[in-house]
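**Student:** 3D, please:
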Amino acid sequence: MVSPNLIKKSESLYNVNLSTKKLFQLIYGKKQKGEGRNYDDDTPKIHVSRIVSRLSFLYEKLRQAVDYDDEHLLRKNAIKRILKRKIFIESVVKAYDGEEISMNLLTELIQAGYLPNNQVPEVKIGEVAKLLDKYIELRKHFRKTYSSTFDISSSESEEKNKLNNWIISLAATEIEENLGRDEVKKLIVANMFEILSKSIKLPPDLPYKKDLEIQIYLSVARNYAKLDQEMLAFFAFKYYNNWEEADDEQLDKIAHNLNAIYEAVTFQLKHPLIKQIDSIVRRYSLYFTILMETISDNPTKIYENAISNTRVFLTFIKEKCEKKYGRIKNKLWRSGLRSIIYIFLTKSVFVLALEIPMIKLFGEPLNPVSLAINISFPAVLLFVMIIFTKTPDKQNTEKIIEGIKEITFTEYSRRQPFVLRQPTKRGSVMNIFFNLLYACTFCLSIYLLIKLLNFIQFNWVSITIFLFFLMFVSFFSFRIKRDVKQYVITEERETFLGFIFDFFYMPIVAVGKFLSDNVSRINVFIFILDFIIEAPFKVVVSVIEEWTKYLKERKEDLS
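**Tutor:** Model (predicted):
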């Protein structure tokens, strides 16, 4: 019989690697600092009126409802929107002032609830202004370059607008990074990049050696940090330029080559290796996410078990996985509700407002059943999709545990590299065949649906609206299920019914994505909010803010 002491000894033989030790130390230090943080020190903080904040917060919630995006991207989107208003619209009537724009930007973010009130130090105004000044100088150099090297034409004008907008999105991303700097996330990105840059190799026949490093980094940022294309473009932009140290001469050089830099960045964001690298990085992102959240619960206790009792440490990991699975459904319902509100406000109201007038215009009979189905269908379909979404199983948890052992303990470090393969290239004949098959599948699916809708006496107007919503909601249901998929690393078991479902349903999802990407650009509600409501609303808010300050000053004078 094996002695229990020998078992205990063998469990404590695994050595926590240096990178993970640093992660433990950083999380422990941050937790200690957080518990003892005192916001009532002598450092001046930015303060806004609570009344004004409530008004701005409600407006921002409405703005989020009609401009759907992931929650962690909302502040960056708000920064970009404010900068566009300040630089493109308000600059027409007053000169640029970096300090003033920075102050207004931070104040609006606090009012909207993106930053805490009475906690942002006033020195941030200068930091953000310094970042912003650099982009304004780049924009000046670019406009100067544009006027001297480009002919005035519609294509050149379109290119100028594209690059001007890109400069603003880069500025918004860097400001967001400055405001939301997370040292733990930054360390994890560095640790993951270190592991994967050693583990991912290219075969000799692939000509992408110079791109591998930036592709791994972008993949880590995309899959772990969940950055969008604009934010990834910022990191690729910095990769091609010594941006942090750029002086006036370098800014001029960047401005002259801005279009070439934009094309290089765009190539990196559409690189042929993305799918292969993402499939690897996605798993490691999950490992580090679970490890970080487990450590955060109790850094001291978790570390003691990691160095002395591996089995208990891995039990904590397993418990964390099960808790995460339990929260997935709640997040799905929350995302589903946001999607329903978004579709209703931006699509349903607009389309349904046309349904009855169009039916009368074309002399079609009004069918209350079809009208009711078109109104309720988006919510019902999303509800059904969420209900039938499966959470990860025990086998998935075991794979996560094995992955965390690999990134935590020296003895489990990966020995065999991931060797990428030549991206699959189908022949033109095969591509044409598959595209035709895809199109035929879509047409067949739509034909069968139309036959079914005709059977329940839908007229052609109601059918058009139903199909429009089917495609939109199908894509959104597919999108919100990403919250579950990011925790799944086991291979999905293929079934015949699943194959048939995908065969007919995926083309509808694809068309829904196309419509979402293109119709969302013609969002009448966003246009109204941005150009008709927001600017005057912010003026009113600013006046109310100043009035409350004035009243406070008068009150202090009387005391």
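
**Student:** C-alpha only now, for contacts and for neighbours.
**Tutor:** Will do.

**Student:** Tell me the buried residues in the longest helix along the chain?
**Tutor:** If you go by DSSP state H, the chain has its longest helix at helix 310-343. Along helix 310-343, these residues count as buried under the neighbour rule (16 or more other Cα atoms under 10 Å): 310, 313-314, 316-318, 320-321, 324-325, 328-329, 332-333, 335-336, 338-343.

**Student:** how near is Arg221 to Lys186?
**Tutor:** One thing to correct before we go on: residue 221 is Ala, not Arg. Separation of Ala221 from Lys186 (Cα to Cα, to the nearest Å): 10 Å.

**Student:** Neighbour count: these two, which is higher?
**Tutor:** Taking neighbours as other Cα atoms under 10 Å, Ala221 and Lys186 compare with Ala221 leading, 22 against 12.

**Student:** residues touching the more buried one, list them.
**Tutor:** Listed by Cα atoms under 8 Å, 6 or more residues apart in numbering, the contact set of Ala221 reads Val189, Leu227, Leu232.

**Student:** Name the SS class of the last one, please.
**Tutor:** Taken by DSSP: H, G, I helix; E, B strand; the rest coil, the conformation at Leu232 corresponds to helix.

**Student:** quick one: it and Arg222 touch, right?
**Tutor:** Yes. With contact defined as Cα atoms under 8 Å, Leu232 reaches Arg222; the gap is 7.2 Å.

**Student:** about what we covered before: got the contacts of Ala221 as CSV, with distance to Leu83, pLDDT and neighbour count columns?
**Tutor:** Rendered in CSV, the data for the contacts of Ala221 read as follows (distance: Cα to Cα, whole Å; pLDDT from 0 to 100; neighbours: other Cα atoms under 10 Å):
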residue, distance to Leu83, pLDDT, neighbour count
Val189, 28, 94, 18
Leu227, 20, 91, 19
Leu232, 19, 95, 21
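
**Student:** with these in mind, which one is nearest to Asp133?
**Tutor:** Leu232 (21.6 Å; Cα to Cα).

**Student:** what's the nearest residue to that closest one if we skip its chain neighbours?
**Tutor:** Among residues not flanking Leu232 along the chain, Leu218 sits closest, at 6.4 Å (Cα to Cα, 6 or more residues apart in numbering).

**Student:** Specify the local secondary structure of the one you found.
**Tutor:** helix.

**Student:** State the pLDDT value of it.
**Tutor:** At Leu218, the pLDDT value in this model is 96.

**Student:** That one: neighbouring residues, count only.
**Tutor:** With other Cα under 10 Å as criterion, Leu218 counts 26.

**Student:** Just want to check the distance between it and Asn77.
**Tutor:** Applying Cα to Cα, the value for Leu218 to Asn77 is 20 Å.

**Student:** same thing with Asn298?
**Tutor:** As judged by Cα to Cα, Asn298 and Asn77 stand 34 Å apart.

**Student:** okay, these two: which has more neighbours?
**Tutor:** Asn77 (19 against 14).

**Student:** measure the residue nearest to the more buried one when sequence neighbours are not counted to Leu453 for me?
**Tutor:** Closest residue to Asn77 apart from its sequence neighbours, by Cα to Cα, 6+ apart: Ala172 at 7.8 Å. Using Cα to Cα, one gets 47 Å for the distance from Ala172 to Leu453.

**Student:** cool, Ile87 as well?
**Tutor:** As defined by Cα to Cα, Ile87 lies at a distance of 50 Å from Leu453.

**Student:** quick one: Asp70 from Gly336, how far?
**Tutor:** 12 Å.

**Student:** between the two, what contacts are shared?
**Tutor:** Between them, Asp70 and Gly336 share no contacting residue, judged by Cα under 8 Å, 6+ apart.

**Student:** that older thread, and the residue nearest to Asn77, how many neighbours does it have?
**Tutor:** Ala172 has 28 neighbouring residues, counting by other Cα under 10 Å.

**Student:** what does Lys209 give?
**Tutor:** 11.

**Student:** One more: Ile167?
**Tutor:** 19.

**Student:** wait, what's in contact with it?
**Tutor:** Contacts of Ile167 by Cα under 8 Å, 6+ apart are Tyr135, Arg139.

**Student:** helix or strand for it, which one?
**Tutor:** helix 154-179 (DSSP states H and E).

**Student:** Buried residues of the next helix-or-strand element following that helix, list them for me.
**Tutor:** Scanning forward in sequence from helix 154-179 by DSSP H and E, the next helix or strand is helix 183-199. Neighbour-count burial for helix 183-199, with 16+ other Cα under 10 Å as criterion, is recorded at Val184, Lys185, Leu187, Ile188, Val189, Asn191, Met192, Phe193, Leu196, Ser197.

**Student:** how much space between the closest residue to Val265 other than its chain neighbours and Phe313?
**Tutor:** Spatially, and ignoring its direct neighbours in sequence, Val265 is nearest to Ala236 (5.7 Å; Cα to Cα, 6+ apart). Between Ala236 and Phe313 the computed distance is 38 Å (Cα to Cα).

**Student:** again with Asp182
**Tutor:** 25 Å.

**Student:** swap in Asn431?
**Tutor:** Taken as Cα to Cα, the span from Asn431 to Phe313 is 50 Å.

**Student:** cool, Gln32 as well?
**Tutor:** Distance of Gln32 to Phe313, given as Cα to Cα: 22 Å.

**Student:** try Gly98
**Tutor:** In this view, Gly98 and Phe313 are 50 Å apart by Cα to Cα.

**Student:** and what of Gly326?
**Tutor:** Gly326 is 21 Å from Phe313, by Cα to Cα.

**Student:** Equivalent analysis for Val16, please.
**Tutor:** With Cα to Cα as the criterion, Val16 and Phe313 are 12 Å apart.

**Student:** shared neighbours, those two?
**Tutor:** Common neighbours of Val16 and Phe313 (criterion: Cα under 8 Å, 6+ apart): Ala306.

**Student:** Residues contacting stretch 484-495, please?
**Tutor:** Outside stretch 484-495, the residues touching it (Cα under 8 Å, 6+ apart) are Arg282, Arg283, Leu286, Ile328, Thr391, Pro392, Gln395, Asn396, Lys399, Ile400.
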